[in-house]
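Asks: The amino acid sequence is not available; the structure is as follows:
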């Protein structure tokens, strides 16, 4: 493996994902051991050619000899392509590069709601907000969560009434709109951060249900067991919702409304049975 010498990658010290993969670069020898540093610790005068806000949005890679700076997915491809030249033609192929730029931006602009940083009194540069990427995050997580929940609902037959194919999609969409209204009333400035965090919780909860679906595909899973696991996952989601609400410095209103919505939906499912 070839080491990319004389390069410095700037990462977000508040982002566990950024810390993980940049540390992997240095530990694997793809970059020098001293080839990574948090952008929070870089004085503006030290790297005059770096667009700091862009480096916050998209991880920056600096050539310390020439001063050349690459951002985002291009910086990652530069490191990977140097160590693995086989991938260079793929990394330079425009359709692939365009797709990866979109995927990178989708993750980067939502990274603070995917894995939120602990609350801090120190003001540090934050990624710019892009509404289209947040809406894309809400839509993507909602569709994935609803699809998994639709499969899981079949495991609860006998405990809960079976529903139509679109029931879980309507529930997930309704939760976004309902909580969107509540947060717009109590904390409008935090609307999109809250909704992004809320749907990350929904996505994580649906992924936690997936193993039960896999088990049920291989053997009989009693509805009572599926219900028990569902309740455990729901409890974990509640604790995570409380934790994230505290990080956002939100009061209990959002957690209460989040629980109330789900309880009302559960009552409606039992009242309207298969028609819902």
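Replies: Ah, there it is. Note that the structure is predicted; figures quoted are calculated from it, not measured.

Asks: which element follows the helix or strand encompassing residue 103 toward the C-terminus?
Replies: Assigning secondary structure by DSSP states H and E places residue 103 in helix 94-108. From helix 94-108 onward toward the C-terminus, using DSSP H and E, the following helix or strand is helix 111-114.

Asks: And the helix holding residue 103, what does it pack against?
Replies: helix 73-83, helix 131-153 (3 or more CB pairs under 8 Å, 6 or more residues apart in numbering; DSSP states H and E). Every C-beta, even on glycine, is put in place using the N, C-alpha and C of the backbone.

Asks: Go again with 6 Å.
Replies: For helix 94-108, the helices and strands in contact under the criterion 3 or more CB pairs under 6 Å, 6 or more residues apart in numbering; DSSP states H and E are helix 73-83.

Asks: hmm, which helix or strand of this structure has the shakiest average pLDDT?
Replies: Evaluated with mean pLDDT, DSSP states H and E, the helix-and-strand set of the chain has its lowest mean pLDDT in helix 52-57, which scores a mean of 86.

Asks: before we move on, the earlier item: taking helix 131-153 as reference, get the angle to the helix holding residue 103.
Replies: For helix 94-108 against helix 131-153, the angle by axes from the mean of the first three to the mean of the last three CA atoms, to 10 degrees is 80 degrees.

Asks: Which parts of the stretch 151-276 of the chain are helices?
Replies: Remark: helices assigned in the stretch 151-276 of the chain by DSSP state H, counting those that start in this stretch are 167-186, 191-218, 223-247, 253-272.

Asks: For the closest residue to residue 253 other than its chain neighbours, give me the pLDDT.
Replies: Closest residue in space to residue 253, ignoring its immediate chain neighbours: residue 186 at 5.0 Å, by CB to CB, 6 or more residues apart in numbering. At residue 186 the predicted local distance difference test score is 95.

Asks: Please apply the same query to residue 104.
Replies: On the pLDDT scale, residue 104 gets 93.

Asks: count of neighbours near it?
Replies: A count of neighbours around residue 104, defined by other CB atoms under 10 Å, yields 18.

Asks: mind checking how far it is from residue 75?
Replies: Applying CB to CB, to the nearest Å, the value for residue 104 to residue 75 is 10 Å.

Asks: how distant is the helix holding residue 103 from the center of its chain?
Replies: Chain-centre distance of helix 94-108: 16 Å, with CA atoms, centre = their mean, to the nearest Å.

Asks: circling back: how much space separates the residue nearest to residue 253 from residue 105?
Replies: With distances defined as CB to CB, the gap from residue 186 to residue 105 amounts to 30 Å.

Asks: Among the two, which residue is more densely surrounded?
Replies: Counting neighbours by other CB under 10 Å for residue 186 and for residue 105 shows that residue 105 has the greater number, 18 against 14.

Asks: Apart from its chain neighbours, what residue comes closest to the more buried one?
Replies: What sits nearest to residue 105 in space, not counting adjacent residues and going by CB to CB, 6+ apart, is residue 133, at 6.2 Å.

Asks: Go ahead and confirm that neighbour touches residue 109.
Replies: Yes - in this structure, residue 133 sits in contact with residue 109. The criterion is CB atoms under 6 Å, and the distance is 4.1 Å.

Asks: out of the two, which sits in the busier spot?
Replies: When residue 133 and residue 109 are compared on other CB under 10 Å, the one with more neighbours turns out to be residue 109, at 22 against 18.
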